[in-house]
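Kindly generate the corresponding structure for this input.
(chains A and B)
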Amino acid sequence: MFDEPWQASAFALAVALQDRGVLDRRDFAVALGGELESGHDYWDAWLAALEQLLAEHGLTNPGSLDERTAAWRRAAAATPHGSPVTLDADPQRLRHP
Amino acid sequence: MRAVDARVRALESILVEKGYVDPAALDEIIETYQHRVGPRNGAHVVARAWTDPAYAERLAADATAAVAELGYGGRGGEHLAAVFNSAREHHLVVCTLCSCYPWPVLGLPPVWYKSPAYRSRAVLEPRAVLAEFGTVLDDDVAVRVHDSTSELRYLVVPQRPAGTDDWPADALAAIVSRDSMIGTRLVSV
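Residues are numbered from 1 along each chain as shown, chains lettered A, B, ... in the order given. Got it, this is the predicted structure:
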């Protein structure tokens, strides 16, 4: 059902947020339907719907999400292959605690 | 690390820091849907309905409560409806909007259920879709298409195959496929 780990993570995030009542089930279905309508692959649409609702609710903002994404990529690049990646490995982390 | 992997990790780490999600809950959700919840639950429900007419009546009247009797419920199953195939009627389920599906009894949907082709064609040309699954119905069998939503999700109770009158419920459950409970296939021995 999941081809890649990120799909399982994105699934679990949306479900957990609905469990907690942070996101509404129907809002999520409508957002997912809208993203599928624009022709995205299923899990890309799922992630886009999640990001869209979080931004609409002011729970994340695109700027901080972009910055955090870049931090994960820097951390991964600085981590030896085969070791788990954590944000502590981001070489710029000390300057942006 | 690919952009999409980093993006999801970024979302997760921000949401965890803000206290909106608990990492243990995320692990539990993935474990549940990868390993614990799946169409065997639905097959249990169907086999019970086939062997216990009073249960079948309760399932028809209030599927959510009848499914809960067997210990199934929760996310994606808050409001369930069971539709029963017969010699005159065949039921087919789709979610035209996205991928709404009765998780507690069927687990997560297969890829084809989520595809744009199935979501549009199941309504427009259900018999053609059924034929692609190898399901060819007589012309006098009416096809009823049900659109599952986040509020109401459908489970098909397929017809019990002939020649299984003396089968115990667990043997019956073993022949009930996921697709037969979506309505794209029949159950055969």
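
Domain map for chain B?
B:3-34, B:37-182 (automatic domain parsing).

Now that we have the ones you listed, can you turn them into JSON lines and tack on distance to chain A, mean pLDDT and mean neighbour count?
From N, CA and C alone the C-beta is placed, and that goes for glycine too. As requested, the domains of chain B are exported to JSON lines (distance: least, C-beta to the nearest C-beta, whole Å; pLDDT from 0 to 100; neighbours: other C-beta atoms under 10 Å in any protein chain shown):
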{"stretch": "domain B:3-34", "distance to chain A": "4", "mean pLDDT": "96", "mean neighbour count": "17"}
{"stretch": "domain B:37-182", "distance to chain A": "4", "mean pLDDT": "97", "mean neighbour count": "18"}
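
and the ones you listed as JSON lines, adding distance to A:E56?
JSON lines is the format used below for the domains of chain B (distance: least, C-beta to C-beta, whole Å):
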{"stretch": "domain B:3-34", "distance to A:E56": "14"}
{"stretch": "domain B:37-182", "distance to A:E56": "17"}
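
remind me which residues of chain A are low pLDDT?
A:94-97 (pLDDT under 70).

show me where it has strands.
With DSSP state E, there are no strands along chain A.

contacts for the host helix or strand of B:V143?
Per DSSP states H and E: B:V143 is located in strand B:142-147. If you take C-beta atoms under 8 Å, 6 or more residues apart in numbering or on different chains as the criterion, strand B:142-147 is touched by B:81, B:83, B:88-97, B:122-123, B:126-127, B:130, B:137, B:154.

repeat that with 6 Å
With C-beta atoms under 6 Å, 6 or more residues apart in numbering or on different chains as the test, strand B:142-147 has contacts from B:89-93, B:96, B:122-123, B:126, B:154.

other SSEs contacting the helix ranked longest in chain B?
If you go by DSSP state H, chain B has its longest helix at helix B:3-17. Judged by 3 or more C-beta pairs under 6 Å, 6 or more residues apart in numbering or on different chains; DSSP states H and E, the packing partners of helix B:3-17 are helix A:5-19, helix A:62-77.

any idea which of those helices is most buried?
Highest mean neighbour count of these: helix A:5-19, a mean of 21 (counted as mean count of other C-beta atoms under 10 Å in any protein chain shown).

tell me which strands and helices that helix is in contact with?
Counting contacts by 3+ C-beta pairs under 6 Å, 6+ apart, helix A:5-19 is packed against helix A:42-56, helix B:3-17, helix B:23-31.

Give me the contacts around it.
Residues outside helix A:5-19 that contact it (C-beta under 6 Å, 6+ apart): A:2, A:23, A:25, A:43, A:46-47, A:50, B:4-5, B:8, B:12, B:21, B:25-26, B:29-30.

so what's B:N41 up against?
Taking C-beta under 6 Å, 6+ apart as the contact definition, B:N41 lies against B:72, B:105.

tell me which element it falls in.
Using DSSP H and E, the element containing B:N41 is helix B:39-51.

What are the structural domain limits within chain A?
Taken from automatic domain parsing, chain A resolves into A:1-60, A:61-97.

what helices or strands is the helix or strand just after the strand holding B:V143 leaning on?
Downstream of strand B:142-147, the next assigned helix or strand under DSSP H and E is strand B:153-157. Under the contact criterion of 3+ C-beta pairs under 6 Å, 6+ apart, strand B:153-157 touches strand B:80-84.

Which strands and helices lie in contact with the helix or strand just after the strand it packs on?
Following strand B:80-84 in sequence order, the next helix or strand is strand B:89-94 (DSSP H and E). Packing contacts for strand B:89-94, counted by 3+ C-beta pairs under 6 Å, 6+ apart, involve strand B:142-147.

Using PDB, list the CA coordinates for the strand it packs on.
Taking C-alpha atoms only, strand B:142-147 is exported to PDB below (Å, rounded to 0.1, in the frame of the first residue of the first chain):
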ATOM      1  CA  ALA B 142     -29.100  -4.200 -12.000                       C
ATOM      2  CA  VAL B 143     -25.800  -2.500 -11.100                       C
ATOM      3  CA  ARG B 144     -25.900   0.000  -8.300                       C
ATOM      4  CA  VAL B 145     -22.900   2.200  -7.800                       C
ATOM      5  CA  HIS B 146     -22.300   3.700  -4.400                       C
ATOM      6  CA  ASP B 147     -20.100   6.800  -3.800                       C
END
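
Report the inter-axis angle for it versus strand B:153-157.
Calculated by axes from the mean of the first three to the mean of the last three C-alpha atoms, to 10 degrees, strand B:142-147 forms an angle of 150 degrees with strand B:153-157.
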